[in-house]
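Enquirer: would you be able to build a 3D model of this:
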Amino acid sequence: MTLLDARQLVTKKIAELKYRVNKLSKKPSLVIIRVGEDFASGKYVSNKIKKCEEVGIDSKIIHLDENVSQDEVEKIIIDLNKDKGVTGVLLQLPIPKHLDEDYLTNLIKDEKDVDGFTVGNMGKLALNLDGNVACTPRGIMTLLKEFEIDIEGKDILIINRSSIVGKPLAQLFLRENATVTIAHSKTKNLKDKIASADIVVTAVGKANFLRTEDFSNNTTIIDVSINFNEEGKMCGDVCKEDYHAIVNEKQCNLTPVPNGVGQMTVIELIEQTIEIAEKEESK
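Expert: Numbering: from 1, shown residues only. The predicted structure is shown next:
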């Protein structure tokens, strides 16, 4: 079995996305609204802008003060919805607590919602209709297919019930005829469920949460979390010291952190922006 390193796939996808952008008569345009000075958000946004440049799509950051009013953010989103030169709009989360995250996210038109977070797009996903899909779940499915990991008929355990990862990912697995269990902080006998799953997706957000002994042989492990250990080094939920034993002794597939799911999330955001532009052009 193997480490499911995303770097080669990302390189391949960038070349493919460049080609698709060049075929369009008009460059796609992504606008990212960032509120405040959250450090992690800053890193994520700069990475998204860098990838936009690599594939040749236009990007813009609207960076607002952390004390900005709800009305001001609302007006910006409404104006971007109306702007025919803007392909996709993204409200970078988290946003300051005085702003209504759900309300502002759902102000973005479904067609321009590149994050796939609006009620309309979530509903379309649940009903198996065409719409924009949350980027991390999209990235996970792309990664599994790239490494030719069977999904149909498999028992899937997702340790996360958020609207960003767990819920949309469950819908995508169901589309592929998998049997899906969603676990969370109140789940009983979690370790038993991990041991009996064919594919485990962990997005708990705790460094060293899972060790070699938690997995059965031949499991595929998708580690979504980005944590930092006591030394300040990036890690996932799966203990890095156990990678060798998990892959070589337990014969498991494992996405590393970094260079796993996080890389795919940004690529899927860019691809979804391009898809929106392609649909618009084909009308």
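Enquirer: tell me which residue is most central in the chain.
Expert: Most central in the chain under Cα atoms, centre = their mean is Thr136, positioned 1.5 Å from the mean C-alpha point.
Enquirer: these two touch, right, that residue and Ile267?
Expert: No: applying Cβ atoms under 8 Å as the test, Thr136 and Ile267 come out as separate, 11.0 Å apart. In short, each C-beta sits where N, CA and C put it, glycine included.
Enquirer: burial check on Arg7, number of neighbours?
Expert: Around Arg7 there are 12 other residues, counting by other Cβ atoms under 10 Å.
Enquirer: so how far is Cys235 from it?
Expert: 17 Å (Cβ to Cβ, to the nearest Å).
Enquirer: tell me where the model's unsure across the stretch 1-150 of the chain.
Expert: Within the stretch 1-150 of the chain, no range satisfies pLDDT under 70.
Enquirer: repeat that with 80
Expert: Applying pLDDT under 80 to the stretch 1-150 of the chain flags the ranges 1.
Enquirer: could you pull out the strands for it?
Expert: 29-35, 58-64, 88-91 (DSSP state E, counting those that start in this stretch).
Enquirer: same for the shortest one, what does it pack against?
Expert: Yep, that's strand 88-91 we're talking about. Strand 88-91 makes packing contacts with strand 29-35, helix 70-82, helix 101-107, helix 261-281 when contacts are defined by 3 or more Cβ pairs under 8 Å, 6 or more residues apart in numbering; DSSP states H and E.
Enquirer: select, out of the ones you listed, the one closest to Ile156.
Expert: helix 261-281 (15.1 Å; Cβ to Cβ).
Enquirer: any idea how far Ile76 is from Gly139?
Expert: For Gly139, the distance to Ile76 equals 27 Å [Cβ to Cβ].
Enquirer: which one's more surrounded, these two?
Expert: Taking other Cβ under 10 Å, Gly139 and Ile76 do not tie; Gly139 has more neighbours (28 against 19).
Enquirer: who's in contact with the more buried one?
Expert: Residues in contact with Gly139 (Cβ atoms under 8 Å, 6 or more residues apart in numbering) are Val261, Gln263, Met264, Thr265, Ile267, Glu268.
Enquirer: go again using 7 Å as the cut-off
Expert: Shown in contact with Gly139 (Cβ atoms under 7 Å, 6 or more residues apart in numbering): Val261, Met264, Thr265, Ile267, Glu268.
Enquirer: count the neighbours of the nearest residue to Arg138 once chain neighbours are set aside for me.
Expert: Counting by Cβ to Cβ, 6 or more residues apart in numbering, Glu268 is the residue found nearest to Arg138 once chain neighbours are left out, at 4.1 Å. By other Cβ under 10 Å, 25 other residues sit near Glu268.
Enquirer: check Ile221 too.
Expert: Using other Cβ under 10 Å, Ile221 has 25 other residues around it.
Enquirer: Asp192 now?
Expert: Neighbours of Asp192 using other Cβ under 10 Å come to 9.
Enquirer: that one: what secondary structure?
Expert: Put simply, Asp192 is helix when judged by DSSP: H, G, I helix; E, B strand; the rest coil.
Enquirer: separation between it and Ala134?
Expert: Distance, Asp192 to Ala134, using Cβ to Cβ: 28 Å.
Enquirer: pull the contacting residues for Val165.
Expert: The contact partners of Val165, by Cβ under 7 Å, 6+ apart, come to Thr136, Pro137, Ala203, Val224.
Enquirer: re the thing from before, for the closest residue to the residue nearest to the centre of the chain other than its chain neighbours, give me its contacts.
Expert: Nearest in space to Thr136, with sequence neighbours left out and distances taken as Cβ to Cβ, 6+ apart, is Thr265 at 4.7 Å. By Cβ under 7 Å, 6+ apart, the contact list for Thr265 reads Cys135, Thr136, Gly139.
Enquirer: nearest to Glu213, of those?
Expert: Thr136 (27.2 Å).
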